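> Here's a sequence, model it:
(chains A and B, ligands or ions: 4)
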Amino acid sequence: MITTLEELEEIANKKQCENNECREELRVCIGSSCLSLGAKEIEKDLKKSVKDRGIEHRCRVKGVGCNGLCAAGVLVSHYDNESGEEVLYEKITEEDTDKLAKAVESQKPLEEHRSDMSRGFFAKQKKIVLENAGYIDPDDIEDYIAHGGYRALFTTLNDATPMEVISQIKQSGLRGRGGGGYPTGLKWETVAKVDAEKKYIVCNGDEGDPGAFMDRAIMEADPHRVIEGMALAGYACGAAKGYIYVRAEYPTAVEKLNKAIKQANRLGILGNKIADSGFDFELEVRLGGGAFVCGEATALVTSIEGNRGNPRQKPPHLSDHGLWGEPTVLNNVETFANIVPILNNGAQWYRGFGTEKSPGTKVFALTGHIENTGLVEVPMGMKLSELIYDIGGGVSEGRNLKAIQTGGPSGGCIPADMLDLEVDYDSLKKVGSMMGSGGVIVTDDSSNMVEVARFFMEFCKSESCGKCVPCRVGTTEMTDILDKFINKEATKEDFELLKEMCEVVKESSLCGLGQTAPNPVLSTIKYFEEEYIKGIKDD
Amino acid sequence: MIKQKVRVKTFQINGIDVTGRSDSTILEVAKEHDIHIPTLCYLEGLSCVGACRICLVEIKGSNKLIPACTGKIKEGMEVFTDTDRLHKHRKMILSMIFAERTHTCSVCVSNGHCELQDMSVELGMEHSQVPYLTNRFDIDASHERFVNDPNRCILCTRCVRVCDEVEGAHAWDLVDRGLDTRVIHDMDDPWVESESCTSCGKCVQVCPTGALSEKGVSATEMVKKKSLIVNLLEMRNRER
Ligand SMILES: Cc1cc2nc3c(=O)[nH]c(=O)nc-3n(C[C@H](O)[C@H](O)[C@H](O)COP(=O)(O)O)c2cc1C
Ligand code: SF4
Ligand code: SF4
Ligand code: FES
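Ligands and ions are numbered 1, 2, ... in the order given. Below you'll find the model as predicted:
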């Protein structure tokens, strides 16, 4: 049990010494994508090879979270603790492990697998949320503490009032990363000001957007950062209990979080009277059944309560009537992951990244026809062209860019001629798309935009909870009409009906799923109308 | 006196000044002032779920449409219940309800006494604006007195709510998602096998369409007693 900052520092120092005993480290990415490529076996083989070569006192092998370049997995980084030099190896398979150990032994890099770390993919990123990802061992709380973990919580509990925490978060301008971009400080303040016996902090790790995997990466690579952020929210808002809602399809994230909570409990970092203050905080992981709609805030709390995860009409908002009817703060995983760096470095520091209205960074998942599929963290306000070309490496197979889809099923398509757009919440909204959770899907000139729209509409149709009429029936009707366009059997009346239904479903649906379901259609009509016209048969 | 003042809010509906208790919904205050707002999933005496979206109204200064049945009143708000925009939305939504399942009125037990039918008359809708869908469901006629025909169900969940909130049995619930959503008994058991159903028949009386009906009635004969719930609740209150 640790109760003081000094004791925390002691753990940190001890672990740092331990880390420094080995001058070098081989860090194997054990994020989900690399795991599926055999990262666990590679880690095991590397450990064996290193031992066989008798260099285990010099070089430690450890598993770390995702560093982002999933397309080039399995990734192994060779890190020198003294010089801080790093060599990254990509596309490592089980056959390469002994060669790699040999390279470490002989100090001659394995050139054929060496990744060019000066290129845009690495150089143009700014890692705040993911600063530990790929460096620390997510299974080891001491490694987190050695990298500065839980200092924010301990110093805050010792020196700051809840209102001071909220004021920092407000000044930082942090906006919710779950899609809507609602100011986090304001959300916390609302709950902090409510007078209630019980309050709850809930972390939304449902991540149901097709193509999104940033929250998974955060939970897998740095679970303690999410936990620390939630505990700070608990202190700021006066809540003693929190839930992390994770979809059951993320077993690794669930495992890491549960392990992390256990470790934190054991050290007294969670539990009663944390840091010898009057603050108690308890955390629990809850599994979601994998319905996209359960990521919607009101549905999520209903689901935690053990009921069918249907959304309900707002107001009342969760800040007023949340989990079990009590005031509740619900934030996204990435939102919570931003709290610790803000409190450690200050709101002004944070505002130094990103734009005036959207400070900080955003983690994006690049997928589709793009060279470097994977996870990237960049300052808000980065130009789309930089994101797609400098970082993403451009369209795959040398084809031409047609459109960029952001925001998943709630978002829209941005045509290639708008590459100068600076990406933040407001700019994306202005062009008819959305930030959403940060999925970026690149489509090349071989794609049919009506089919892209249909893909998302079909997704909404199968994920609609069925509670309200416009979404339940409208998404099916619109999928059918889009089929007519794809089969070139549509009529002019179908086109009018489609537009009219978009309007009605958007404006009259009960929750965000229905309200945003027409967006992919509306934005493709706006920028690629000729493709719809082509789907209308001649009369 | 001062207390009373605090508990009342004044605002406008369609330009008419109205007052209501501060915890009222827009729909409740509208009713008190004889201003008609069309509703389907709403039933006096039951909780409000905002599912059918027929009761949407406009609020001045906001682009959002709010269901009158769940929307709480606010001091000074200006509500509009009868605009062209609302007409358009309601007609489209009603079209969707008709298109979703099979509402062939001529052979329905509720023909002539159906709230859905009444709504199409009220909104002046002669035919659905959207293509008919083809989802079909099995009829459950296992119960000795009642029949459940999901093909005529509009998923208003009145049956679910009345059973839970008034009868206290919670025999009904929803299963599946989206277009496949159905109301079921217990673990999707045939009605006759439901252990929690008390056979009180309240669900049948509140069902707005011919989805739930009494056995043995022929087309057009099923007349329902909607006021049953309000009367029952009033009696209970009086007993207390
Ligand atoms: C259909 C639907 C699905 C959603 N899924 C998620 C999700 O998977 N993760 C998430 O953080 N927010 C999701 N949201 C947004 C949440 O409702 C909520 O706004 C968000 O979690 C609030 O956190 P933030 O303020 O930190 O962004 C979803 C919203 C809708 C309407
Ligand atoms: S909009 Fe769709 S998902 Fe949301 S409540 Fe209505 S039917 Fe359910
Ligand atoms: S069976 Fe009747 S009362 Fe129940 S949900 Fe369907 S239409 Fe409504
Ligand atoms: S009556 Fe209000 S939504 Fe159905």
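
> Spit out the contact partners of residue B:15.
residue B:78 (Cβ atoms under 8 Å, 6 or more residues apart in numbering or on different chains). C-beta: built from backbone N, CA, C; applies to glycine.

> can you tell me how far it sits from residue A:205?
Counting by Cβ to Cβ, to the nearest Å, the separation of residue B:15 from residue A:205 is 48 Å.

> Residues in contact with the helix ranked longest in chain B: which ones?
Ranked by residue count, the top helix of chain B under DSSP state H comes out as helix B:84-100. Applying Cβ under 8 Å, 6+ apart, the external contacts of helix B:84-100 come out as A:469-470, A:472-474, A:477, A:500-501, A:504, A:507-508, B:38, B:40, B:52-54, B:56-58, B:65, B:80, B:116, B:119-120, B:123-125, B:128-133, B:135, B:154, B:179.

> ditto for stretch A:420-427
With contacts defined as Cβ under 8 Å, 6+ apart, stretch A:420-427 is touched by A:175, A:181, A:354-355, A:357-358, A:362, A:380-385, A:387, A:406, A:414, A:428, A:431, A:435.

> sec struct for the most centrally placed residue in chain B, please.
What sits nearest the mean C-alpha location of chain B, by Cα atoms, centre = their mean, is residue B:41, with 1.8 Å. Classification of residue B:41 using DSSP: H, G, I helix; E, B strand; the rest coil returns coil.

> ok, back up a step: need the buried ones from the contacts of stretch A:420-427 selected in PyMOL.
Buried subset of the contacts of stretch A:420-427, written as a PyMOL selection, criterion 16 or more other Cβ atoms under 10 Å in any protein chain shown:
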select buried, chain A and resi 175+181+354+355+358+362+380+381+382+384+385+387+406+414+428+431+435
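
> rewinding a little: quick one: the residue nearest to the centre of chain B and residue B:52 touch, right?
Yes: because the distance of 4.1 Å satisfies Cβ atoms under 8 Å, residue B:41 is recorded as touching residue B:52.

> what sits in contact with each of these two?
Jointly contacting residue B:41 and residue B:52 under the rule Cβ under 8 Å, 6+ apart are B:154, B:156.

> What residues does residue A:315 make contact with?
Contact analysis of residue A:315 by Cβ under 8 Å, 6+ apart lists residue B:72.

> can you tell me how far it sits from residue A:63?
Distance of residue A:315 to residue A:63, computed by Cβ to Cβ: 45 Å.

> Residue B:57 belongs to a helix?
No: per three-state DSSP, residue B:57 lies outside any helix segment and is strand.

> how close does it get to residue B:71?
7 Å.

> got any residues that touch both of the two?
Both residue B:57 and residue B:71 are contacted by residue B:26, under the criterion Cβ under 8 Å, 6+ apart.

> Mind listing what's buried along stretch A:184-196?
For stretch A:184-196, by 16+ other Cβ under 10 Å, it's A:184-185, A:187-192.

> Tabulate these (TSV), appending secondary structure and distance to ligand 3.
Below are the buried residues of stretch A:184-196 laid out as TSV (DSSP: H, G, I helix; E, B strand; the rest coil; distance: Cβ to the nearest ligand atom, whole Å):
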residue	secondary structure	distance to ligand 3
A:184	helix	39
A:185	helix	42
A:187	helix	35
A:188	helix	39
A:189	helix	40
A:190	helix	35
A:191	helix	35
A:192	helix	40
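
> And the strands in chain B?
Along chain B, counting by DSSP state E, strands occupy B:8-13, B:16-21, B:56-59, B:65-67, B:78-80, B:146-148, B:172-175, B:182-185, B:212-214.

> Show me which residues of chain B are close to chain A?
B:49-53, B:56, B:63-65, B:67, B:70, B:72, B:88-89, B:92-93, B:96-97, B:99-100, B:129-131, B:133, B:154-155, B:173-174, B:176-181 (Cβ under 8 Å from any Cβ of the partner chain).
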